[in-house]
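A.B. asks: below is the structure, and that's it, no one-letter string:
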């Protein structure tokens, strides 16, 4: 059991930053799930839970988790910029790149405007100078480090927010009831914990994914005839 303490102040910021109300536009993205529902790959609670667990363990979770941890641990400006560049390269589709970059930029800008932190202001300025989108995982990782949020707590909250957003999208798309959505989030507790553990253990130079079907649904979503979501 991880017993690293988190202060009330750090916990409060973490909850605010990863709440559905924080203005990063997460509600607009389904990470290819919209096409998975359209194509009959995800049709009910069981298949949705399996799908999201796959995303966490084989797809975005396997990529963004270690990148988040690396950004949290970055020991200087050069290291942070290297992680940011690597994160921008690890986007399988145009829509996933949009999803990550748009949310990352919105997160960075909103935190910088609402939290007085010289250290974070410096990191935000460094990230903005690069001529590339700012990956959401990198933006949240560096903010969590500057706020003194323990890495495991930050990863659990990040993956919970990601899983909850996909669940919310599916509640509307399949559709499912709100209670069913909460059952799924409870069932994803162990996969979220496992994704956080893996993120802390996997070195950046060993990052890899095996979510080909997830990537395919994202590609197919780009030309889906009727869409509610941007990805």
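C.D. replies: Yes, it's here. As the structure is a prediction and not an experimental result, all values here were calculated from the model.
A.B. asks: now name the helix or strand holding residue 46.
C.D. replies: Secondary structure here is read from DSSP states H and E; on that basis residue 46 sits in helix 45-58.
A.B. asks: cool, residue 190 as well?
C.D. replies: helix 189-201.
A.B. asks: just checking, next helix/strand downstream of the helix holding residue 46?
C.D. replies: Where DSSP H and E defines the elements, the next helix or strand beyond helix 45-58 is helix 60-73.
A.B. asks: ok, back up a step: buried ones in the helix holding residue 46?
C.D. replies: 45, 47-49, 51-58 (16 or more other Cβ atoms under 10 Å). All C-beta atoms are positioned from the backbone trio N, CA, C, and that covers glycine.
A.B. asks: outside of it itself, which residues are in contact with it?
C.D. replies: When contacts are defined by Cβ atoms under 8 Å, 6 or more residues apart in numbering, helix 45-58 is touched by residues 31, 33, 36, 41-42, 61, 159, 162-163, 166-167, 170, 174, 176, 180, 183-184, 187-188, 191-192, 194-195, 198, 209-211, 213-214.
A.B. asks: determine the set of other helices and strands touching the helix ranked longest in the chain.
C.D. replies: Among the segments of the chain that qualify as a helix by DSSP state H, the longest is helix 151-173. If contacts are counted by 3 or more Cβ pairs under 8 Å, 6 or more residues apart in numbering; DSSP states H and E, helix 151-173 sits against helix 8-17, helix 33-38, helix 45-58, helix 60-73, helix 136-146, helix 178-187, helix 189-201.
A.B. asks: pLDDT on the helix holding residue 46, on average?
C.D. replies: Over the span of helix 45-58, the pLDDT mean works out to 97.
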